[in-house]
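just coords:
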């Protein structure tokens, strides 16, 4: 039996008795640490820590200053109140296989609860218990999983969606560029493969290294490239390298690219002109200023990248291998918007 199954099976035995609470109170007065108390009581240190927090009370010293102490009577009373208000038993019950699957996917593979449940349905996996996303979040909040807590969630429960201020569709800063308003409907509707969005993820202040992120609109597949600087030449070099790699297939794979009006993308000719034939290799479109939602898939990819490379980091400290590992994770992460398939799966199916 692995460690996870053992911890789930011992769930019922993790609750402390009244006698054990009095023993904890005595050991705390003897100045023992939580780790030492956990050994004495035979419970996990986490259980001891939560118990002490539950039974903490405020007392006055003789000089009228305050101190906090653990009180067994208070902790036991609160425990009895919780038991009385507990309601029906947990749906997950003794489904150790499901608990192990959920913990592994969230802790070790950085999946969200919604992705775990969605992928179970998509793959037709069979467990003794059927859970919904809300129930898994509730179990995590209530600390039902001994190894899984809110700290393992890369993104917490969905809050209110950010409200974007609508910008009037006036002339672009780059007036010579091709406006997104000229983009055909089949690109807007995501009906065909080969139309991409492009943007840069920058380092913290003082560091020049950036990531060029290219996101395919239909499948949400991402290509991520490390660049020494946020310049037009570096962007062109990445696209030239891709064209040399795919040769005549490049024009079919990269039918169009939509980007913002950043200085690194302003050279439309360098982006569109083939390094091999000197003819047009792709079509560039430019979004309106301050309208990041017009590259929504790209913006979402950038947000996911920030899970692995936080804002303020020097991207130069991340190796090319680490960047490709991030790219692989994003492309192989089941997405709700894709019916819990991965971007890699959707791209392959549509190609």
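On my side now, so go ahead. All of these numbers come straight from a predicted model, not from anything done at the bench.

ignoring the adjacent residues along the chain, who's closest to the most centrally placed residue in the chain?
In the chain, the C-alpha nearest the mean C-alpha coordinate belongs to residue 154, at 4.4 Å (CA atoms, centre = their mean). Once flanking residues are discounted, residue 154 sits nearest to residue 307: 5.0 Å by CB to CB, 6 or more residues apart in numbering. (Glycine included, C-beta is placed from N, CA and C.)

could you check how far that neighbour is from residue 110?
According to CB to CB, to the nearest Å, residue 307 and residue 110 sit 7 Å apart.

if you count what's nearby, which of the two comes out ahead?
Comparing residue 307 with residue 110 by other CB atoms under 10 Å, the one with more neighbours is residue 110, at 16 against 13.

need the pLDDT of the more buried one.
Looking at residue 110, its pLDDT is 90.

now the one 3 residues further on
In the prediction, the pLDDT value recorded for residue 113 is 94.

am I right that the residue nearest to residue 154 falls within a helix?
Yes - according to DSSP: H, G, I helix; E, B strand; the rest coil, residue 307 belongs to a helix.

for residue 323, list the residues it contacts.
Neighbour list for residue 323: 211, 224-226 [criterion: CB atoms under 8 Å, 6 or more residues apart in numbering].

Three-state assignment for it, please.
Three-state call for residue 323 (three-state DSSP): helix.

tell me how far it lies from residue 203.
Where residue 203 is concerned, residue 323 sits at a distance of 13 Å (CB to CB).

and the helix or strand hosting residue 99, what does it pack against?
Secondary structure assigned from DSSP states H and E places residue 99 in helix 96-103. In terms of contacts (3 or more CB pairs under 8 Å, 6 or more residues apart in numbering; DSSP states H and E), helix 96-103 is packed against helix 3-9, helix 113-123.

ok, then the element right after the shortest one?
The first helix or strand that comes after helix 3-9 along the chain, using DSSP H and E, is helix 18-29.

for that next one, what is the average pLDDT?
In this model, helix 18-29 has a mean pLDDT of 91.

can you check stretch 234-241 too?
When pLDDT is averaged along stretch 234-241, the result is 97.

chain center to that stretch: distance?
With CA atoms, centre = their mean, to the nearest Å as the basis, stretch 234-241 stands 29 Å off its chain's centre.

ok, of the helices and strands packed on helix 96-103, where does mean pLDDT dip lowest?
Lowest mean pLDDT of the helices and strands packed on helix 96-103: helix 3-9, a mean of 42.

what ranges does the stretch 251-351 of the chain have for its helices?
268-272, 296-308, 320-331, 343-350 (DSSP state H, counting those that start in this stretch).
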